[in-house]
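>>> need a structure here:
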Amino acid sequence: MNIALIGYGKMGRLIEQEALNRGHRITAVIDPYAAPVETRSGVPLERVFPDPAEAENAEGLTKADVAIEFTRPDKTVENIKTLSRRKLPVVAGTTGWYDRLEEVTKIITDSHASLLWSSNFSLGVNLFYRIAAYAAAVMDPFKEYDVGGLETHHNKKADSPSGTAKTLVEQVLARMTRKTQAVWDTLNRPPRPEELHFPSLRIGSVPGIHSLFFDSPADTIEITHTARNREGFALGALQAAEWLVSYTGPEQDTLSPRLGVFTMDDVLKDILASPSPRG
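Reported below is the predicted structural model:
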């Protein structure tokens, strides 16, 4: 599978490394903000999207089967627009742009293009969402258990709360009748019964910790996902890219991208529906 990397920060470099380990090929690396470095794949680092009219400069992007985008929230929508005009399937891992999801969905639909986005591509996190959703449904009738959470990330993270925290809370609220509203900010008052408090902490180099608590006067039930490193995010993004273009192995000559807008939940549904055990 030929991959264009849009963004060459920590995640872009990890995805490049994992992609090469899995036998994929990097054909383009584009990032206007990255320091001038030699890429692991040997592909020249581009500062801007190449002009389609310049065949030589655009060759790397033209050869790509899929683009994996980890950039900045203020750039993602324009990047998706550019890539969708080229009919290049996009896996978008940047968070913080979801207020424009309706606009992006229309762009993808009108362009007959492909997009797979997720607030977190880690397989463990997506399983965590399902576990938390099930727990919320089970705990909803037991009013003695209050519900809340906490997320912690490194001090370089650009957005707060994290996209993962937002998705997690959406899953919980969708399955609880007595909690109807998330509160992300500092509370200088007791939370109301219908409020679910989920603050953020930014410190050090923490890749990501998300905890959900069910607390009663007698005990506490805690569900936590702790990321040890970013490799799980990189691997998940590649699995998502393989799913989006229907990649099943290096012997496959023709890829068939799925058209439309998808999330990591669509990938997980396919994995869980598969009769083959995962090794």
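
>>> which residue ranges form the helices in the chain?
Along the chain, the segments classed as helices by DSSP state H run 10-21, 55-62, 73-85, 101-111, 123-139, 163-173, 231-244, 264-273.

>>> Now for the protein, the helix or strand with the poorest mean pLDDT.
Ranking every helix and strand in the chain by mean pLDDT, DSSP states H and E puts helix 55-62 at the bottom, with a mean of 77.

>>> pretty sure Pro50 contacts Leu61?
Yes - here Pro50 reaches Leu61: they are 5.9 Å apart, a contact under Cβ atoms under 8 Å. In this view, the C-beta of every residue, glycine as well, is placed from N, C-alpha and C.

>>> Which of these two has more residues huddled nearby?
The neighbour count for Pro50 versus Leu61, taken as other Cβ atoms under 10 Å, is higher for Leu61 (22 against 17).

>>> The more buried one against Lys87, yeah?
No - at 11.4 Å, Leu61 and Lys87 do not qualify as touching, with contact defined as Cβ under 8 Å.

>>> what about Pro207, neighbour count?
Neighbour tally, Pro207, other Cβ under 10 Å: 18.

>>> what's near enough to touch Gly148?
Contacts here follow Cβ atoms under 8 Å, 6 or more residues apart in numbering; on that basis Gly148 touches Pro191, Leu196, His197, Phe198, Leu212, Phe213, Asp215.

>>> Inside strands: which ones of those?
Leu196, His197, Leu212, Phe213, Asp215 (DSSP state E).

>>> gap between the first one and Asp215?
Looking back up the chat, that one is Leu196. Applying Cβ to Cβ, to the nearest Å, the value for Leu196 to Asp215 is 12 Å.

>>> Between these two, which has more neighbouring residues?
Using other Cβ under 10 Å, the more surrounded residue of Leu196 and Asp215 is Leu196, with 22 against 14.

>>> And Asp265, how far from Lys157?
23 Å.

>>> tally of neighbours for Lys10?
15.

>>> Also Leu5?
Count around Leu5 with other Cβ under 10 Å applied: 27.

>>> Let's see the distance spanning stretch 84-95 from one end to the other.
Terminal residues of stretch 84-95 are spaced 19 Å apart (Cα to Cα, to the nearest Å).

>>> Kindly indicate which of the contacts of Gly148 lies nearest Ala137.
Of all the contacts of Gly148, Leu212 has the smallest distance to Ala137: 12.8 Å, by Cβ to Cβ.

>>> if we can go back for a sec, for Asp265 and Lys157, indicate the residue with more neighbours.
Higher neighbour count among Asp265 and Lys157: Lys157, with 17 against 13, using other Cβ under 10 Å.

>>> Could you report the separation of the more buried one from Phe213?
From Lys157 to Phe213 the distance is 22 Å (Cβ to Cβ).

>>> in the chain, which ranges drop under the pLDDT threshold?
Low-confidence regions of the chain, defined by pLDDT under 70, span residues 53-57, 275-279.

>>> domain parsing for it?
2-121+230-273, 123-226 (automatic domain parsing).

>>> Can you tell me which of those domains is most buried?
domain 2-121+230-273 (a mean of 18; mean count of other Cβ atoms under 10 Å).

>>> That domain: end-to-end distance?
Start-to-end, domain 2-121+230-273 (Cα to Cα) is 27 Å.

>>> who does the residue nearest to Trp117 when sequence neighbours are not counted bridge with?
Nearest residue to Trp117, sequence neighbours excluded (Cβ to Cβ, 6 or more residues apart in numbering): Ala92, at 4.3 Å. Beta-bridge partners for Ala92, by DSSP bridges, are Glu69, Trp117.
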